[in-house]
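Student: The following block contains a protein sequence and its predicted model.
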Amino acid sequence: MGTGDIRVGTSDRERAIGALADHLAAGRLEVAEYEQRVGTAAAARTRADLLALFDDLPDPHPDFDGPPHQRPAVVVAEEEDRSLWEPQRSRNTKTGLYVFLGVATAGVVAVVAITATWWALAPILIVGLLLLVTS
């Protein structure tokens, strides 16, 4: 049995897909061809199936005996203006809470009116009092 006939596992397929991603990033593969080769790699059964995906590509090729392929970390240059990355704060943060409580109150009042269970109003009264105290 040759080394090409050895069956591959998930980690081998992941190494091959990682190497294909490097070739995509280097501009050697177009997106459609990359997707086709990734599909073939995901369905590969032997090393020969995976190595055939790299016949027309230079290194990197999958290393079946080494550690799993790890893509290099992307380094992002520090920018002075970080406002694009920070979440925008809403000017009126309690409006959504009040809308929610209004809808919840209407729902509870409807349930109370139908089922005559007046004790169901207690949670709304407690939340309302907490809002008044914390405002």
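Tutor: Cool, got the structure.
Student: For this structure, which segments are assigned as helices?
Tutor: With DSSP state H as the criterion, the chain has helices at 10-25, 31-43, 47-51, 95-115, 122-134.
Student: Name the residues of the third one that come out as buried.
Tutor: This points to helix 47-51. 47, 49, 50, 51 (16 or more other C-beta atoms under 10 Å). (Each C-beta comes from the backbone N, C-alpha and C, glycine too.)
Student: Just the mean pLDDT for that helix, thanks.
Tutor: Averaging pLDDT along helix 47-51 gives 91.
Student: Kindly report the same for stretch 103-123.
Tutor: Averaging pLDDT along stretch 103-123 gives 76.
Student: repeat for stretch 23-38
Tutor: On average, stretch 23-38 scores 91.
Student: Can you give me the end-to-end span of it?
Tutor: Taking C-alpha to C-alpha, to the nearest Å, stretch 23-38 runs 12 Å from one end to the other.
Student: Distance from the chain centre to it, please.
Tutor: The chain centre lies 21 Å from the centre of stretch 23-38; the measure is C-alpha atoms, centre = their mean, to the nearest Å.
Student: and what of stretch 15-27?
Tutor: In terms of C-alpha atoms, centre = their mean, the centre of stretch 15-27 is set 20 Å apart from its chain centre.
Student: Flag every buried residue along that stretch.
Tutor: Residues of stretch 15-27 classed as buried: 15, 16, 17, 18, 19, 20, 21, 22, 23, 24 (neighbour count, 16+ other C-beta under 10 Å).
Student: For the third one, give me its contacts.
Tutor: Think residue 17. By C-beta atoms under 8 Å, 6 or more residues apart in numbering, residue 17 lies in contact with 38, 41, 42.
Student: That's all I had, so thanks and see you.
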